[in-house]
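Trainee: heads up, no residue letters with this:
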């Protein structure tokens, strides 16, 4: 399994000289399964560049899109995803986290005339909607399952288990230790992520951000590292970076995460996700 990050920023895109190394695009991850199937995780502004790559490759599909939830930073790139403007593209959209969000797949406000000059009905690509009753899907050579997360308005995470025994878990916009009763506990998320090759998790906050941002639906770096330790993940990628965090601040998070892992005796390798980073997830 090959994983490439095209957007790693949370909440809002942050272009500029202070974010050039880690990138300023909002979240989008490209996953290539062992049989070559294309799976896209979230459709923030980073999906525009991914679309350019797919067009250069001549990839018309099927392209499988898994969206965690319908907040702007996770879907705003859809109208600028080049492949949907080609009639030979086959895009498959999987169910969203809640019934309220499901309406977005059928009547997207992104393409209303007050927001965008082209209507959804004018998209030339074939767009297929998967039945929301299913909780697990066969996608190419992999089986994909989902889990509900702790985030205002609801969100979902995904686990991708490929036929070659490589695996990926994607949990973003998730507060591991929320102020009230969790939708899903850390123990349940650790079970969901057990023995995964790569865990990508929202790590938007550090201790200095609290208590002001408790309950906003994002996790502390140290809580994410603890989850990865409990799950015995091979690698954890810290993700969905705070828009106020510049490259130097993310460098410091990387150093402190490495210290935490060493002090706790965790076998997990911690990396700070950045645009353009490609990782090969090996079978376990």
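Mentor: Received, thanks. As the structure is a prediction and not an experimental result, all values here were calculated from the model.

Trainee: going forward, measure contacts between C-alpha atoms and count neighbours the same way
Mentor: Noted.

Trainee: Grab the longest helix from this protein for me.
Mentor: Longest helix in the chain by number of residues (criterion: DSSP state H): helix 247-264.

Trainee: Now do the helix or strand just after that one: everything it contacts.
Mentor: Sequence order places strand 269-272 as the next helix or strand after helix 247-264, per DSSP states H and E. Residues from elsewhere that reach strand 269-272 (CA atoms under 8 Å, 6 or more residues apart in numbering): 225, 234-239, 250, 253-254, 257-258, 261.

Trainee: where does residue 164 land in three-state SS?
Mentor: coil (DSSP: H, G, I helix; E, B strand; the rest coil).

Trainee: residues in contact with it?
Mentor: Applying CA under 8 Å, 6+ apart to residue 164 gives the contacts 34, 283.

Trainee: Over to the one 5 residues further on?
Mentor: By CA under 8 Å, 6+ apart, the residues touching residue 169 are 157-160, 193, 196, 198-200.

Trainee: Now do the closest residue to residue 112 other than its chain neighbours against residue 155, distance only.
Mentor: Excluding the flanking residues, the one nearest residue 112 by CA to CA, 6 or more residues apart in numbering is residue 119, at 6.1 Å. Relative to residue 155, residue 119 is positioned 26 Å away (CA to CA, to the nearest Å).

Trainee: same check, this time on residue 2
Mentor: Distance from residue 2 to residue 155, by CA to CA: 24 Å.

Trainee: What of residue 66?
Mentor: As for residue 66, its distance to residue 155 is 12 Å (criterion: CA to CA).

Trainee: Which of those two has more residues huddled nearby?
Mentor: Neighbour totals were compared for residue 66 and residue 155, and residue 155 leads with 24 against 20 (other CA atoms under 10 Å).

Trainee: doesn't residue 99 make contact with that one?
Mentor: No: applying CA atoms under 8 Å as the test, residue 155 and residue 99 come out as separate, 11.4 Å apart.
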